[in-house]
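Student: the following comprises the amino acid sequence and a computationally predicted model.
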Amino acid sequence: MEPILIEMEKTKQIELKSCPICKSALKKVEIERKGIVLNGYKCSKCNEIFFPSDEVFKYEILSGKRKMARKIGKVGHSIVIRIPNTIAKELGIGKGDVAYFEKRGNEIKIRIISE
């Protein structure tokens, strides 16, 4: 069977320096939305609040709006990433298959080899 290739990339948080609306200084703030604490920026002049894209993504995951996202866990000395069942079924990934990891810059390529 042909190996299945899964590509992963870790994103970096971008720090905002000034308000995109009025160009005034921004202050880092923690805001709670529906029980989820988010790190954002509040404008000192117009009071607008901005969230970096990774915080919006985190909110969507934790609030259940992104069904294909999974939290990363730890078992022993290994990090565990669960693959959503719908994707596993679609690609034919199952117990006993082998995952081969290849680091390329800040990306990880995962090849799944089915037995």
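Tutor: That came in fine, so what should we check first?
Student: for stretch 33-52, what is the distance to the chain centroid?
Tutor: Taking CA atoms, centre = their mean, to the nearest Å, one finds stretch 33-52 lying 19 Å from the centre of the chain it belongs to.
Student: correction: the previous question concerned stretch 93-100.
Tutor: The offset between the C-alpha centroid of stretch 93-100 and the centroid of the whole chain comes to 23 Å, using CA atoms, centre = their mean.
Student: for stretch 91-105, same thing?
Tutor: Mean C-alpha position of stretch 91-105 versus that of the full chain (CA atoms, centre = their mean) differs by 19 Å.
Student: got the end-to-end distance for it?
Tutor: Using CA to CA, to the nearest Å, the end-to-end distance of stretch 91-105 comes to 26 Å.
Student: with stretch 40-60 instead?
Tutor: One end of stretch 40-60 to the other measures 15 Å (CA to CA).
Student: give me the buried positions along it.
Tutor: Neighbour-count burial for stretch 40-60, with 16 or more other CB atoms under 10 Å as criterion, is recorded at 40-43, 50-52, 55, 58-59. All C-beta atoms are positioned from the backbone trio N, CA, C, and that covers glycine.
Student: which residues are in contact with that stretch?
Tutor: By CB atoms under 8 Å, 6 or more residues apart in numbering, the residues outside stretch 40-60 that reach it are 11, 13-16, 19-22, 24-31, 33, 36, 38-39, 65-66, 69.
Student: what mean pLDDT does it have?
Tutor: On average, the pLDDT along stretch 40-60 is 89.
Student: next one: that stretch to chain centre, how far?
Tutor: Averaged C-alpha coordinates place stretch 40-60 at 17 Å from its chain's average position (CA atoms, centre = their mean).
Student: of the contacts of stretch 40-60, which belong to strands?
Tutor: With strands defined by DSSP state E, the entries of these inside them are 26-31, 33, 36, 38-39.
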